[in-house]
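Q: no FASTA, just this:
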């Protein structure tokens, strides 16, 4: 009786070692590739905004389509800090050519999407700042396996994430 129990345990352990751990490794690699695609696409999207000085609806939709092609769903956040050159009454003694101080105001994802849907583009000025943050909202196979074996749980856990930001270097034109 004791030998058959050890044999069953050995077969079960062998099955886990032969199938589950390679599956976990492969799924982790798939998530790494997806994260690489999302990070490089996010960098390209933000870089294009930086060099052209505008966000267009076509580029935004192309960006969303490219990151969705990984087979995951994402929560994409865009924050644009637009410079408002405020010629106020304050004058700095250190810099006589400038009147007032620059103030940034922020527009967020919903406002960006609303403006893009209305006008098709958002023109930015030199000195504006753009930040794009992406996190997956679905559970990947690697997350499911990890949660099963290691009992890691939580709704805020994400596997694939990317962030990129830049300062616009040119004024947006038509």
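A: That came through, no problem. Predicted, not measured: the structure shown is a model, and the values here were computed from it. Numbers count the residues shown, from 1 in each chain.
Q: residue ranges of the strands in the protein, please?
A: Here the chain has its strands, by DSSP state E, at 54-56, 74-91, 99-107, 121-123, 129-136, 161-167.
Q: what's the pLDDT at the most centrally placed residue in the chain?
A: In the chain, the centroid-proximal residue (C-alpha atoms, centre = their mean) is residue 134; its distance is 2.0 Å. As summarised for this prediction, residue 134 has a pLDDT of 95.
Q: before we move on, what about residue 20?
A: We have a pLDDT of 76 for residue 20.
Q: Go ahead and confirm it touches residue 148.
A: No - contact criterion C-beta atoms under 8 Å: residue 20 and residue 148 do not qualify, at 9.3 Å. For the C-beta atoms, the positions are set from N, CA and C on the backbone; glycine is no exception.
Q: can you pull the buried residues of the longest helix belonging to the chain?
A: In terms of residue count, the longest helix belonging to the chain (DSSP state H) is helix 21-52. Buried residues in helix 21-52, counting neighbours by 16 or more other C-beta atoms under 10 Å, are found at 24, 27-28, 30-31, 34-35, 37-39, 41-42, 45-46, 48-50, 52.
Q: Pull the contacting residues for the residue nearest to the centre of the chain.
A: 38, 42, 67, 74, 75, 76, 77, 160, 161, 162, 163 (C-beta atoms under 8 Å, 6 or more residues apart in numbering).
Q: picking up where we left off before, quick check: which of the strands of the chain is nearest to residue 5?
A: Among the strands of the chain, the nearest to residue 5 by C-beta to C-beta is strand 129-136 (42.5 Å).
Q: residues of that closest one that come out buried?
A: Neighbour-count burial for strand 129-136 flags 129, 130, 132, 133, 134, 135, 136 (criterion: 16+ other C-beta under 10 Å).
Q: so it versus helix 21-52, what angle?
A: Per axes from the mean of the first three to the mean of the last three C-alpha atoms, to 10 degrees, the angle that strand 129-136 makes with helix 21-52 is 160 degrees.
Q: list the contacts for residue 130?
A: By C-beta under 8 Å, 6+ apart, the contact set of residue 130 is 46, 49, 50, 55, 78, 79, 80, 81, 124, 165, 166, 168.
Q: got CSV for the strands of the chain, with distance to residue 8 too?
A: Formatted as CSV, the strands of the chain follow (distance: least, C-beta to C-beta, whole Å):
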stretch, distance to residue 8
strand 54-56, 61
strand 74-91, 44
strand 99-107, 62
strand 121-123, 64
strand 129-136, 39
strand 161-167, 42
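Q: closest to residue 6 out of those?
A: Smallest distance to residue 6 across those (C-beta to C-beta): 42.3 Å, for strand 129-136.
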